[in-house]
Each structure stands twice: as structure tokens, then as C-alpha cells.
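Undergrad: how would this look folded up:
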Amino acid sequence: MPLGRPVAHQARVYDAALGGKGNFAADRAVAAEAQAAFPDGGEAVHVNRALLGRAVRYMAAQGVTQFIDLGSGLPAACTPPGRP
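TA: Residues are numbered from 1 along each chain as shown. Sure thing, here's the model as predicted:
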């Protein structure tokens, strides 16, 4: 793969859908295609992140002090509370 012409990656597409900055043109193009195919998809991405945040806050309030993030390895535009 030539430098500067990356293929889309699901984590960066997700970041693009969230309005993040850690993505490339290929990722934004796929995010736009997904948005066109599923008009409510953009809202669903934000609702999903909000649910994750609420779940983490709830578990922390219950005394859970350690969390394992089994994501795709790239930080999203908005991270769960307490995560850099």
C-alpha cells in the first residue's frame, strides 16, 4: 500500500462518523457511504458512545476501578470517562 493513500479502517471510519480528527479521506468516504445507506446511522454512533459513557460511569459508581477496553486499538473522538 503506498504511503498517503490508506484504505479505510473500521476504527477510523467510526472516528469519522463521530466527527473526530484521526481519520483519512478513505475513512470519511466510507463513513459518508454508510450515512447515505443508513440515515440514522450517524445518530446511532453517538448514542452508542453515550451508552458506553453511562455504563462506565455506573460501574465506577458501583466501585469498579479497573476497566479493559477491548476496542479496535485507536482512540475515538470522545473517550469514556477517565480514559486519556
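Undergrad: give the other helices and strands that the helix ranked longest in the chain contacts.
TA: The residue-count maximum for a helix in the chain (DSSP state H) belongs to helix 41-61. Judged by 3 or more Cβ pairs under 8 Å, 6 or more residues apart in numbering; DSSP states H and E, helix 41-61 is in contact with helix 10-18, helix 25-37. The way it works is simple: take the backbone N, C-alpha and C, and place the C-beta from them, glycine included.
Undergrad: export those to CSV and tack on mean neighbour count?
TA: Output for the helices and strands packed on helix 41-61, formatted as CSV (neighbours: other Cβ atoms under 10 Å):
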stretch, mean neighbour count
helix 10-18, 21
helix 25-37, 15
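Undergrad: with mean pLDDT added, can I get the ones you listed in CSV?
TA: Putting the helices and strands packed on helix 41-61 into CSV (pLDDT from 0 to 100) gives the following:
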stretch, mean pLDDT
helix 10-18, 89
helix 25-37, 95
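Undergrad: who wins for proximity to residue 62 among the ones you listed?
TA: Of all the helices and strands packed on helix 41-61, helix 10-18 sits nearest to residue 62, with 26.9 Å by Cβ to Cβ.
Undergrad: okay, the angle between the closest one and helix 25-37?
TA: 60 degrees (axes from the mean of the first three to the mean of the last three Cα atoms, to 10 degrees).
Undergrad: packing partners for helix 10-18?
TA: Looks like helix 10-18 contacts helix 25-37, helix 41-61 (3+ Cβ pairs under 8 Å, 6+ apart).
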